[in-house]
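Peer 1: with the input below, show me the fold.
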Amino acid sequence: MVEGMFDVSDKPETLRRAVAQAIVKVKPATITLIKEGKSPKGNIFDAARLSGTMAAKRTWDLLPYCHPIPLDSIRVDVSLKEQSVEIIVEVKNVAKTGVEMEALTGACIAALTVYDMLKPVDETLLIESARLLNKSGGLKTFFEKFDRGFKAAVLVTSDSRDESQDQSGRVVINRLGKNGFDIVDYKVVPDEADLIESELKKFCDELKVDIVITSGGTGVGPRDVTPEATKRVIQKDLAGVAEALRSYGQKRTPLSMLSRGVAGIRGTTVIVNLPGSAKAVSESLDCLFPGIFHIYKMLWGHGH
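Peer 2: Just a heads-up that it's a prediction; the model follows:
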């Protein structure tokens, strides 16, 4: 199998930042020459900034497995030390994949530019290092640490299938398990509002689970009543969660806007409605985690 670019199509966009450094070792006399404005090929500062910026923008042209991504900010700083020229490149964007290679490419090309401009007067030139200083962003940034486990319940609403035929609920169970949730209850019930309401209240008030994920009954059909039943149960609305799920899905299918799913809180239990198809459920969970974890710190009184 031939490897290629990683598939990032399921990842949400987040703010990314990376800072890279490159150091060009030079003779002390060369530093003096630069300060006096006598560099043989002109101003190394302007040239390094320009080449570093251009290189960062064209990284995907140079490195075959880098994604072509928009860059929102590129900053190239060039400074003189006692026996070196230091280049710092900072890159930012809001995208599905990071910008460390863009920052490194910018730093490396800027260093090569400095090398090229100074080689007529310094035979000791050495690109001593090129390294990533730091990076931030991506989903890993939003994972929270807790000193206790989590409990979850899964409710599938369907008139046409039972547990043996259910796929979407199994997707939810699998994903919740991978995110550290212990599944304490799982049921498939008909599309009956009173029954759905009763099960939700049991999960929240008796089992006191941390999250309830429902699947199914969020469309506009005559038997799609999960949102109505959920609204009768929740005490605080989480409109932002439902909006985020629809927005995330709409970028993948034009049908996501037809989902009427809601999200909210009852006591300290989070309830989230997801669509009925296994694919839609999987995509929704990609959007839901890990950001939803932050809600528990607020529910438990730890603030923001």
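Peer 1: which non-adjacent residue is nearest Phe181?
Peer 2: Ala152 (4.0 Å; C-beta to C-beta, 6 or more residues apart in numbering). For glycine as for every other residue, the C-beta is placed from the backbone atoms N, C-alpha and C.
Peer 1: SS state for the one you found?
Peer 2: strand (DSSP: H, G, I helix; E, B strand; the rest coil).
Peer 1: is it true that it touches Cys204?
Peer 2: No - Ala152 lies out of contact with Cys204 (C-beta atoms under 8 Å); the separation is 11.8 Å.
Peer 1: so for these two, which sits in the more crowded spot?
Peer 2: Ala152 (25 against 22; other C-beta atoms under 10 Å).
Peer 1: what's the separation between that one and Arg246?
Peer 2: Distance, Ala152 to Arg246, by C-beta to C-beta, to the nearest Å: 22 Å.
Peer 1: same check on Val154?
Peer 2: 21 Å.
Peer 1: okay, the two: which has more neighbours?
Peer 2: Val154 (27 against 18).
Peer 1: now do the helices in this structure.
Peer 2: For the chain, applying DSSP state H gives helices covering 28-35, 44-57, 59-62, 100-118, 168-178, 193-201, 226-231, 239-250, 278-288, 294-299.
Peer 1: any idea of the pLDDT on the residue lying closest to Lys35 once chain neighbours are set aside?
Peer 2: Nearest residue to Lys35 in three dimensions, chain neighbours excluded: Leu80, at 6.9 Å (C-beta to C-beta, 6+ apart). Predicted confidence (pLDDT) for Leu80: 96.
Peer 1: and for Met5?
Peer 2: For Met5, pLDDT reads 76.
Peer 1: ditto for Glu144
Peer 2: 67.
Peer 1: what does His304 give?
Peer 2: You'll see His304 listed with a pLDDT of 58.
Peer 1: before we move on, what about Phe289?
Peer 2: 89.
Peer 1: repeat that for the one 10 residues further on.
Peer 2: Among the per-residue scores, Leu299 holds a pLDDT of 85.
Peer 1: burial count for the residue nearest to Gly217 when sequence neighbours are not counted?
Peer 2: Of all residues not flanking Gly217 in the chain, Thr226 sits nearest, at 3.3 Å (C-beta to C-beta, 6+ apart). Other residues near Thr226 come to 29 when the count uses other C-beta under 10 Å.
Peer 1: cool, Pro190 as well?
Peer 2: Neighbour number of Pro190 under other C-beta under 10 Å is 12.
Peer 1: residue contacts, the closest residue in space to it that isn't next to it in sequence?
Peer 2: Nearest non-adjacent residue to Pro190, counting by C-beta to C-beta, 6+ apart: Asp159, 5.2 Å away. The contact partners of Asp159, by C-beta atoms under 8 Å, 6 or more residues apart in numbering, come to Pro190, Asp191, Arg223.
Peer 1: picking that back up, which ones are touching the residue nearest to Phe181?
Peer 2: If you count contacts by C-beta under 8 Å, 6+ apart, Ala152 has them with Leu176, Phe181, Asp182, Ile183, Val184, Val209, Asp210, Ile211, Val212, Ile213.
Peer 1: among those, who's most crowded?
Peer 2: Ile213 (30 neighbours).
Peer 1: ok, now how distant is that one from Ile74?
Peer 2: Relative to Ile74, and taking C-beta to C-beta, Ile213 is found at 41 Å.
Peer 1: export the contacts of Ala152 to a markdown table and tack on pLDDT and distance to Arg131?
Peer 2: Formatted as a markdown table, the contacts of Ala152 follow (pLDDT from 0 to 100; distance: C-beta to C-beta, whole Å):
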| residue | pLDDT | distance to Arg131 |
| --- | --- | --- |
| Leu176 | 95 | 39 |
| Phe181 | 94 | 39 |
| Asp182 | 96 | 42 |
| Ile183 | 97 | 44 |
| Val184 | 97 | 47 |
| Val209 | 97 | 46 |
| Asp210 | 96 | 41 |
| Ile211 | 97 | 41 |
| Val212 | 98 | 47 |
| Ile213 | 98 | 43 |
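Peer 1: any common contacting residues for Ala152 and Cys204?
Peer 2: Val212.
Peer 1: pLDDT at the residue lying closest to Lys11 once chain neighbours are set aside, what is it?
Peer 2: The spatially closest residue to Lys11, leaving aside those adjacent along the chain, is Lys96, at 4.3 Å (C-beta to C-beta, 6+ apart). Listed pLDDT for Lys96 reads 83.
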